[in-house]
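*Asks:* dropping a prediction and its sequence here:
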Amino acid sequence: MALVAGRKTFAAGKTLLLRAGVWLGAEAAARGGNGARRFVSQRVLVESDVTAGIATIKFKNPPVNSLSLEFLTEFIICLEKLENDKTYRGLILTSDCPGIFSAGLDLREMCGKNLAHYAEYWRAIQETWLKLYLSNMVLVAAINGASPAGGCLMALSSDYRVLADNPRYRIGLNETLLGIVAPFWFKDVLVNTIGHRAAEHALQLGLLFQPTEALQVGMVDQVVPEDQVQSTALSVMTEWLAIPDHARQLTKSMMRKATADNLIKQREADIQNFVSFVSRDSIQKSLQVYLEKLKQKKH
Ligand SMILES: CCCCCCCCCC/C=C/CC(=O)SCCNC(=O)CCNC(=O)[C@H](O)C(C)(C)COP(=O)(O)OP(=O)(O)OC[C@H]1O[C@@H](n2cnc3c(N)ncnc32)[C@H](O)[C@@H]1OP(=O)(O)O
């Protein structure tokens, strides 16, 4: 297995250093005789069925699949590889961590770091979202665990969402509960999904929905028994892949371009907003208190 260290070029001419060893030999990955391939990286597992043209990305950043900078770096690379490989027409997003889809942004990346770090982190968050939201592939989220905040955004950026029927698996944009504000593009994606009034209600109160509520409000498309999440995602994918790619892709782009462009045209300002917001003393204090509460929950 090869170890590769390199540089990942992001939009606006910026670069994110790909830390040595985070991407472990995808090309050297096992290739079965039945068309199944498996890419191996440390925090992102990619399984693929070449014959069907479907890849599955499993988040593997225990304990809670937080979106750390290292995770995002690997994730973006995996997405790019799949996007550029015309073998793949569909991508299922799911988790390898039992009971957690993703805990959202890694709060440790937003606490006690310097301004340059906050800027680098936010650029990676933006990049991840743009790549997901504008993907040419069909994206189905197989949500097999809790999915707050940034985890919810990843699901909302897919084309279809299947959620496991477990009351512990709550999903929503809960930023206000942390004393922070969901950025405008998180809000735009939520509005596009559940409508303005429901989004306003959910965002102000930082609502985390149980599966039946999430289905009712339109945040997810299907709720199924936990052991049927993957098979349901796969059959939804088959349905979507029956549509000619060019027609579906153009339609997706027509529906999503304005929302993505809204961020693209003000990326730098959005980064500056994030940096100045998150570095305020009051915000740092809120985030630290929240992290402390999470830690103490166990004791
Ligand atoms: C007007 C100006 C506007 C400018 C724009 C500003 C924009 C700023 C907004 C930025 C947007 C942020 C979006 C986000 O995603 S913020 C993150 C929100 N995430 C959460 O609230 C989730 C918190 N976590 C949980 O609720 C639970 O952990 C869980 C996911 C439900 C899992 O519960 P479980 O009981 O299984 O696990 P624990 O709670 O015991 O956690 C295990 C350990 O993991 C640590 N942890 C949990 N979540 C995070 C996280 N998001 N980041 C970092 N670390 C996390 C937790 O502390 C435990 O650690 P320990 O083992 O060391 O105790």
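*Replies:* Nice, I can see it. Since this is a predicted model, take the numbers as computed values, not measurements. Numbering: from 1, shown residues only.

*Asks:* check which helix or strand covers Leu93.
*Replies:* Using DSSP states H and E, Leu93 falls within strand 90-95.

*Asks:* which helices and strands sit right next to that strand?
*Replies:* On a contact count with 3 or more Cβ pairs under 8 Å, 6 or more residues apart in numbering; DSSP states H and E, strand 90-95 meets strand 54-59, strand 138-143, helix 229-241. Any C-beta I mention is one placed from the backbone N, CA and C, and that applies to glycine too.

*Asks:* in the first one, what counts as buried?
*Replies:* For strand 54-59, a neighbour-count test (16 or more other Cβ atoms under 10 Å) marks 54-59 as buried.

*Asks:* elements contacting it?
*Replies:* Taking 3+ Cβ pairs under 8 Å, 6+ apart as the contact cut, strand 54-59 packs with strand 44-49, helix 69-84, strand 90-95, helix 229-241.

*Asks:* and the next element down the chain from the last one?
*Replies:* Of the helices and strands lying after helix 229-241 in sequence (DSSP H and E), the nearest is helix 245-264.

*Asks:* return that next one as PDB; C-alpha atoms alone will do.
*Replies:* Taking Å, rounded to 0.1, in the frame of the first residue of the first chain, the C-alpha atoms of helix 245-264 are listed here in PDB:
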ATOM      1  CA  ASP A 245     -27.500  11.000 -16.700                       C
ATOM      2  CA  HIS A 246     -27.400  14.100 -18.900                       C
ATOM      3  CA  ALA A 247     -31.000  14.900 -18.300                       C
ATOM      4  CA  ARG A 248     -30.900  14.300 -14.600                       C
ATOM      5  CA  GLN A 249     -27.600  16.200 -14.200                       C
ATOM      6  CA  LEU A 250     -28.800  19.200 -16.000                       C
ATOM      7  CA  THR A 251     -32.000  19.200 -14.000                       C
ATOM      8  CA  LYS A 252     -30.000  18.900 -10.700                       C
ATOM      9  CA  SER A 253     -27.700  21.800 -11.800                       C
ATOM     10  CA  MET A 254     -30.800  23.900 -12.700                       C
ATOM     11  CA  MET A 255     -32.300  23.300  -9.300                       C
ATOM     12  CA  ARG A 256     -29.000  23.900  -7.300                       C
ATOM     13  CA  LYS A 257     -26.800  26.300  -9.200                       C
ATOM     14  CA  ALA A 258     -28.300  29.500  -7.700                       C
ATOM     15  CA  THR A 259     -27.800  28.300  -4.100                       C
ATOM     16  CA  ALA A 260     -24.200  27.200  -4.800                       C
ATOM     17  CA  ASP A 261     -23.400  30.400  -6.700                       C
ATOM     18  CA  ASN A 262     -24.600  32.400  -3.700                       C
ATOM     19  CA  LEU A 263     -21.700  31.000  -1.700                       C
ATOM     20  CA  ILE A 264     -19.200  30.900  -4.600                       C
END
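
*Asks:* just give me how far that helix sits from the chain centre.
*Replies:* 18 Å (Cα atoms, centre = their mean, to the nearest Å).

*Asks:* same question, stretch 192-207
*Replies:* Counting by Cα atoms, centre = their mean, stretch 192-207 comes out at 19 Å from the chain centroid.

*Asks:* hang on, the earlier thing: what angle separates the strand holding Leu93 from strand 44-49?
*Replies:* If you take axes from the mean of the first three to the mean of the last three Cα atoms, to 10 degrees, strand 90-95 sits at 140 degrees to strand 44-49.

*Asks:* and the ligand, is strand 90-95 touching that?
*Replies:* No - judged by Cβ under 6 Å from any ligand atom, strand 90-95 stays clear of the ligand, getting no closer than 10.8 Å.

*Asks:* now for the next helix-or-strand element following that strand, which elements pack on it?
*Replies:* Next along the chain after strand 90-95, taking DSSP H and E as the criterion, comes strand 99-100. Packed against strand 99-100 by the contact rule (3+ Cβ pairs under 8 Å, 6+ apart) you find strand 145-148.

*Asks:* CA atoms of the strand it packs on as PDB?
*Replies:* C-alpha atoms of strand 145-148 as PDB (Å, rounded to 0.1, in the frame of the first residue of the first chain):
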ATOM      1  CA  GLY A 145     -27.200   7.400  13.200                       C
ATOM      2  CA  ALA A 146     -27.400  10.800  14.800                       C
ATOM      3  CA  SER A 147     -27.000  13.600  12.400                       C
ATOM      4  CA  PRO A 148     -26.800  17.100  14.000                       C
END
